[in-house]
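Engineer: 3D model of this:
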Amino acid sequence: MEIKLPKYFKWVVVLLGVILLIYILQMFKSILVPLAFSFLFALLLLPLNRDMEKWKIPRPLAIVSSIVLVVVILSLVVWFLSSQLMDLTTELDTITGNFETLISRVQDFLQEKFGIVPSNRTELITNSINGLQDVATNFLGSTISMTTGLLAALTIVPIYVFCLLYYRDHLERFLFKLVAKDKRSSLVHTLSNIQQVVQSYISGLMIVIVIVALLNSAGLLLLGVKYAIFFGVFASILTIIPYIGILIGSLLPALITLATTGHLIDAVLVIGVFMVVQFLEGNFITPYIVGSKVSINPFAAILALLVGGEIWGAAGMIMALPVIAMLKVIFDSYGPLEPIGFLLSDVDDVKPKKPKHKKKLQSFITEVWDGMFRSKNNKD
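Structural biologist: Residues are numbered from 1 along each chain as shown. Take a look at the predicted model:
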């Protein structure tokens, strides 16, 4: 006998389920974060492995080769950033000295033009220098921590990726056993869409990072900024966090340029370079390269970033867009959740198309006009 539950009770159960899911995600963060990144890397490397298997390369050797390629590329990027950062830290004394001179000049200007005398100039300068040193120290510590975490992940993530790729057929059969036979074709279609969305996003994002790094570095080199390539690459990597990543990456070079040159206009020009690159990336580069496969409206994307950052921190912000894109595919394929998929869609993708009768009317008017024109020429 079927038991019908009130709708409010169903919504309460759903809400409790969401709260339990968030609690589990936070509780088992150390296990789930590497597994989530492994899943993304596995989807990214899947086409390459399939091509290598078509070339009669054994599956284990194909998987190991693709993983080694990714590890080598990531290691080179980490080595470059670390070496540039260590060179930058050697100039902290010079930067702090320039910053002290800059503060003195600002205080002299305010006192001369407006008669503003600081209560304790020495204390202000000391606090400002200490604040700059604290920022640099925290930035260096967080970078070293991320590098250490990356090195630790290099031991467990490749194992996860290998297992996911090697046992992918077994996992696919497992999913088939979870659903009825008449729904397996829908499951295959959904899994294929999820794979295409994730692959399109990750591969497109890597191309965008390279292009943005070149544009950032070129702009900073034209301005004569020290460590221009490091700042350009660093800011481009932060585009992994959509909308706000490249803006965060512009603050550090702007502050260091201000402390180095002592001219506010130089810092403004540095921020201007990043703003121009941000405009090009958001309106031309990313839409052209990534395309409309990851069609999430900006409001849903920003909300996903905030939720992901609250649950998993920086890793959650990186995972936010791929996860919400996969959820949208699932929502679109399941009838009761299709309105949520519509809510997540970009507005341009759900706009009603222009009715075809307008095109037919225009073609009819054109044909009539051409006929009248031809008949007039025949009479003449």
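
Engineer: hmm, L269 is touching L222, no?
Structural biologist: No - L269 is beyond contact range of L222, at 9.5 Å (criterion: C-beta atoms under 8 Å). All C-beta spots, glycine's among them, are computed from the backbone N, C-alpha and C.

Engineer: the nearest residue to I248 once chain neighbours are set aside: what secondary structure?
Structural biologist: Spatially, and ignoring its direct neighbours in sequence, I248 is nearest to L238 (5.8 Å; C-beta to C-beta, 6 or more residues apart in numbering). Taking DSSP: H, G, I helix; E, B strand; the rest coil as the rule, one finds L238 in the helix state.

Engineer: what about L269 and L222, which has more around it?
Structural biologist: Of the pair L269 and L222, L269 is the one with more neighbours under other C-beta atoms under 10 Å, namely 17 against 11.

Engineer: pLDDT weak spots in the stretch 201-350 of the chain?
Structural biologist: Applying pLDDT under 70 to the stretch 201-350 of the chain flags residues 242-243, 290-295, 347-350.

Engineer: can you show me the helices along it?
Structural biologist: 228-237, 245-261, 264-280, 286-290, 298-312, 314-333, 338-344 (DSSP state H, counting those that start in this stretch).

Engineer: what about those helices, which gets the closest to N193?
Structural biologist: Judged by C-beta to C-beta, the one of those that comes nearest to N193 is helix 314-333, at 4.7 Å.

Engineer: ok, residues contacting stretch 48-58?
Structural biologist: The contact list for stretch 48-58 (C-beta atoms under 8 Å, 6 or more residues apart in numbering) reads 59, 62-63, 65-66, 165.

Engineer: so which of the helices of the stretch 201-350 of the chain comes closest to V161?
Structural biologist: helix 314-333 (15.4 Å).

Engineer: just the buried ones out of the contacts of stretch 48-58, please.
Structural biologist: Buried by 16 or more other C-beta atoms under 10 Å: 62-63, 66, 165, out of those.

Engineer: now, among the residues you listed, which is nearest to V72?
Structural biologist: For these, the nearest to V72 is S66 (11.0 Å; C-beta to C-beta).

Engineer: CA atoms only for stretch 301-315, dumped as PDB, please.
Structural biologist: This file holds the C-alpha atoms of stretch 301-315, laid out as PDB (Å, rounded to 0.1, in the frame of the first residue of the first chain):
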ATOM      1  CA  ALA A 301      28.000  31.000 -10.900                       C
ATOM      2  CA  ILE A 302      28.800  33.600  -8.200                       C
ATOM      3  CA  LEU A 303      26.500  31.900  -5.700                       C
ATOM      4  CA  ALA A 304      28.200  28.600  -6.500                       C
ATOM      5  CA  LEU A 305      31.600  30.200  -5.900                       C
ATOM      6  CA  LEU A 306      30.500  31.500  -2.500                       C
ATOM      7  CA  VAL A 307      29.000  28.100  -1.500                       C
ATOM      8  CA  GLY A 308      32.000  26.200  -2.700                       C
ATOM      9  CA  GLY A 309      34.400  28.500  -0.900                       C
ATOM     10  CA  GLU A 310      32.400  28.200   2.300                       C
ATOM     11  CA  ILE A 311      32.500  24.300   2.100                       C
ATOM     12  CA  TRP A 312      36.000  23.600   0.700                       C
ATOM     13  CA  GLY A 313      37.800  26.900   0.600                       C
ATOM     14  CA  ALA A 314      39.900  27.700  -2.500                       C
ATOM     15  CA  ALA A 315      39.400  24.100  -3.700                       C
END
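
Engineer: what about that stretch, distance to the chain center?
Structural biologist: The chain centre lies 11 Å from the centre of stretch 301-315; the measure is C-alpha atoms, centre = their mean, to the nearest Å.

Engineer: now it: buried residues?
Structural biologist: Buried-residue list, stretch 301-315, by 16+ other C-beta under 10 Å: 301, 304-305, 307-309, 311-312, 315.

Engineer: from these, pick the one nearest M326.
Structural biologist: A304 (11.4 Å).

Engineer: touching, that closest one and I324? I think so.
Structural biologist: Yes - if you go by C-beta under 8 Å, A304 and I324 touch, sitting 4.4 Å apart.

Engineer: where do the contact lists of those two overlap?
Structural biologist: I296.

Engineer: please name the residues that touch the spatially most central residue of the chain.
Structural biologist: In the chain, the C-alpha nearest the mean C-alpha coordinate belongs to I240, at 2.8 Å (C-alpha atoms, centre = their mean). Contacts for I240 were tallied using C-beta under 8 Å, 6+ apart; they are 205, 209, 318.

Engineer: nearest to F39, of those residues?
Structural biologist: Out of those, the member with the shortest distance to F39 (by C-beta to C-beta) is I318, at 13.0 Å.

Engineer: what's the closest non-adjacent residue to the closest one?
Structural biologist: In this structure, I318 finds its nearest non-sequential neighbour in I240, 5.1 Å apart by C-beta to C-beta, 6+ apart.

Engineer: and the one you found, how far from Y167?
Structural biologist: Distance, I240 to Y167, by C-beta to C-beta, to the nearest Å: 28 Å.

Engineer: and for S65?
Structural biologist: Distance from S65 to Y167, counting by C-beta to C-beta: 18 Å.

Engineer: my read: Y227 touches D87, true?
Structural biologist: Yes - assessed by C-beta under 8 Å, Y227 is found in contact with D87 at 7.3 Å.

Engineer: the more surrounded of these two?
Structural biologist: Remark: of Y227 and D87, Y227 carries more neighbours, 16 against 12, as counted by other C-beta under 10 Å.

Engineer: next, the more buried one: phi, psi?
Structural biologist: phi 60, psi 40 (degrees, to the nearest 10).

Engineer: just checking, which of the buried ones among the contacts of stretch 48-58 belong to helices?
Structural biologist: 62-63, 66, 165 (DSSP state H).

Engineer: can the contacts of I240 go into CSV with extra columns for neighbour count?
Structural biologist: Conversion of those to CSV gives the following (neighbours: other C-beta atoms under 10 Å):
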residue, neighbour count
L205, 20
I209, 19
I318, 23
